[in-house]
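**Q** No sequence on hand, only this structure:
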Ligand code: PDD
């Protein structure tokens with residue numbers, strides 16, 4: 001059965017869904033996106049994603065073609081029409097189609113596309129039991145990583161570098177400090193203190209990050225939002241990542257060396273449990 005996707009106001013079978021070859025998302029990566037996970041047919045952290053979408057659009061002076069309520073309705077319709085139990089909803093808004101010109105066009109109408117991807121057992125990933133391996137790579141992305149744009153080529157290259165090295169992902173390093181993973185935020189734990197890079201233009205302001213830091217503080221875990229070096233990460237007791245599609249995922253190896261005991265850490269395990277149970281309660 002073919003998926004139903006949403007394109008510019010219409011629900012259509014994926015084979016019939018099209019956008020223009022002049023779309024600036026295609027020509028300039030002039031677009032933003034969000035990924036919202038679905039567990040038990042419900043949306044996790046929808047509000048946070050809608051708020052960040054608005055911020056990304058504002059930073060790029062791009063029009064938002066929908067209201068938050070309409071957006072929620074489209075997400076729900078797609079989850080229902082595609083019978084998604086566990087999976088994700090991908091949303092992309094671009095500046096729209098116009099003759100190729102570096103300057104923003106004045107009259108282009110934004111393009112909006114949403115589709116679902118089913119991922120059975122999303123919350124029961126075996127990687128959460130074993131932990132993942134990461135390598136470190138130089139962060140060669142542009143300087144506005146706080147805007148969730150669709151220009152994801154360097155993160156794709158990073159994932160391929162990780163794959164070639166037999167690892168699951170790459171942590172990016174700039175001036176000796178870890179910025180984030182290719183598609184996730186990065187954390188270490190040392191002597192009971194949870195350390196993650198502070199918000200700024202250098203990293204994406206993760207929606208899962210925000211929730212997890214709140215749950216950590218509620219659980220009396222001391223949090224320090226500051227840059228940490230690769231050496232600190234290699235010497236940490238624990239490490240983990242967060243994102244909408246992986247929730248909290250332990251990291252047990254960096255550049256071939258074990259983190260702490262090389263086993264999944266207690267803080268990561270606990271925060272994953274809390275995040276999943278609390279987010280499910282609040283899911284819409
Ligand atoms: N990635 N940092 C980067 C560079 C990301 O691409 C992501 C999300 C995150 C985590 O943000 P959040 O917790 O809001 O998902 C951090 C999504 C999942 C993706 O591109 O598939």
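**A** Looks like it came in fine. On a predicted model such as this, the values are computed, not experimentally measured, just so you know.
**Q** Would you indicate which residues of the biggest helix by length in the chain are buried?
**A** Scanning the chain for the longest helix, with DSSP state H as the assignment, gives helix 266-282. Residues of helix 266-282 classed as buried: 267, 268, 269, 271, 272, 274, 275, 276, 279 (neighbour count, 16 or more other C-beta atoms under 10 Å). Just so you know, the C-beta spots here come from the backbone N, C-alpha and C atoms, and that holds for glycine as well.
**Q** what does stretch 181-192 give?
**A** Going by neighbour count (16+ other C-beta under 10 Å), the buried part of stretch 181-192 is 181, 182, 183, 184, 185, 186, 187, 188, 189, 190.
**Q** Most widely separated two among these?
**A** 183 and 190 (24.4 Å; C-beta to C-beta).
**Q** distance between the ends of stretch 183-198?
**A** The first residue of stretch 183-198 is 17 Å away from its last residue (C-alpha to C-alpha, to the nearest Å).
**Q** what's the answer for stretch 249-263, then?
**A** Note: stretch 249-263 ends 12 Å apart using C-alpha to C-alpha.
**Q** got the contact list for that stretch?
**A** 125, 127-128, 130-136, 167, 171, 184, 186, 188, 230, 233-234, 236-243, 264-265, 268-269, 272 (C-beta atoms under 8 Å, 6 or more residues apart in numbering).
**Q** For the buried ones among these, write the corresponding ChimeraX selection.
**A** The ChimeraX selection below is limited to those of these classed as buried (16+ other C-beta under 10 Å):
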select :128,131,132,133,134,135,136,167,171,184,186,188,233,234,236,237,238,239,240,241,242,243,264,265,268,269,272
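**Q** returning to that earlier point: what packs against the longest helix of the chain?
**A** The criterion is 3 or more C-beta pairs under 8 Å, 6 or more residues apart in numbering; DSSP states H and E, and the helices and strands that helix 266-282 contacts are strand 31-39, helix 207-218, strand 238-243, strand 247-254.
**Q** what's the angle from the shortest one to strand 247-254?
**A** Strand 238-243 and strand 247-254 meet at an angle of 140 degrees, taking axes from the mean of the first three to the mean of the last three C-alpha atoms, to 10 degrees as the criterion.
**Q** got the contact list for strand 238-243?
**A** 132, 134, 169, 181, 183-189, 206, 208-209, 212, 233, 248-252, 254, 259-260, 265-268, 271-272, 275.
**Q** so what's the residue sitting furthest away from the middle of the chain closest to, chain neighbours aside?
**A** Using C-alpha atoms, centre = their mean, the residue of the chain lying farthest from its centre is residue 99. It sits 31.2 Å away. Leaving out its chain neighbours, the residue that sits closest to residue 99 by C-beta to C-beta, 6 or more residues apart in numbering is residue 22, at 6.9 Å.
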